[in-house]
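**Student:** Predicted model and sequence follow; I will ask about them next.
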Amino acid sequence: MSAPLGGTITFPSGVKVSVSPPEVVPGGQYAYGAVEGNIPLFTVTVVNEGTEPVNGFTMAYPRVTYGATGTEAQRANNENVGGGTLSTILPGETQSVKVGFGIPQVELPSVRVEVMGPSYSDFPAIFKS
């Protein structure tokens, strides 16, 4: 399953996930993993429209790649961003987390964000810029 960044993917269980286009913020004095002094942030939002609780922990740690060869981006954070995660998402609940990655500005048009599904039998949701 794939969608553009900003789109939504719905799993068979009724769980929906979306990933925002990147919001580039300055790395700041205590930044880790910033590239060119900036950190692109993605907001991962999970909406549980299913009937069972969902463990959102693994969904909060997407795999992000960029460029023609799929270079893996490393996590990045600063004093204002990073360290957040998702917890158990009950039916009817929505949770969001902002995650930062070290990506060169010139590569932002070629980003791929892969979010694990709500169960291990689900294929991942893939979002592309």
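**Tutor:** Arrived safely, thanks for sending. Numbers count the residues shown, from 1 in each chain.

**Student:** Low-confidence regions, this protein specifically.
**Tutor:** Applying pLDDT under 70 to the chain picks out residues 82-83.

**Student:** remind me, longest strand of it?
**Tutor:** If you go by DSSP state E, the chain has its longest strand at strand 38-48.

**Student:** Now do the buried residues in that one.
**Tutor:** N38, I39, P40, L41, F42, V44, T45, V46, V47, N48 (16 or more other Cβ atoms under 10 Å). (C-beta placed from N, C-alpha, C; glycine too.)

**Student:** Pull the most distant pair out of those residues.
**Tutor:** Greatest spatial distance among those (Cβ to Cβ): N38 and N48, at 32.6 Å.

**Student:** Mind listing what's buried along stretch 63-75?
**Tutor:** By neighbour count on 16+ other Cβ under 10 Å, the buried set for stretch 63-75 is V64, T65, Y66, A73.

**Student:** For T85, state which of the residues you listed is nearest.
**Tutor:** Closest to T85, out of all of those and judged by Cβ to Cβ, is V64, at 15.9 Å.

**Student:** and the closest one, what element?
**Tutor:** strand 63-66 (DSSP states H and E).

**Student:** what's the following helix or strand after that strand?
**Tutor:** strand 71-72.

**Student:** which residues sit against that next one?
**Tutor:** Strand 71-72 has contacts (Cβ atoms under 8 Å, 6 or more residues apart in numbering) with R63, V64, T65, E107.

**Student:** repeat for stretch 96-104
**Tutor:** Outside stretch 96-104, the residues that reach it (Cβ under 8 Å, 6+ apart) are 22, 25, 33-36, 39-46, 60-62, 64, 66, 73-78, 81-82, 84-86, 111.

**Student:** how far out from the middle of the chain is that stretch?
**Tutor:** 7 Å (Cα atoms, centre = their mean, to the nearest Å).

**Student:** wait, L86 sits on Q95?
**Tutor:** Yes: with contact defined as Cβ atoms under 8 Å, L86 and Q95 form a contacting pair (4.9 Å).
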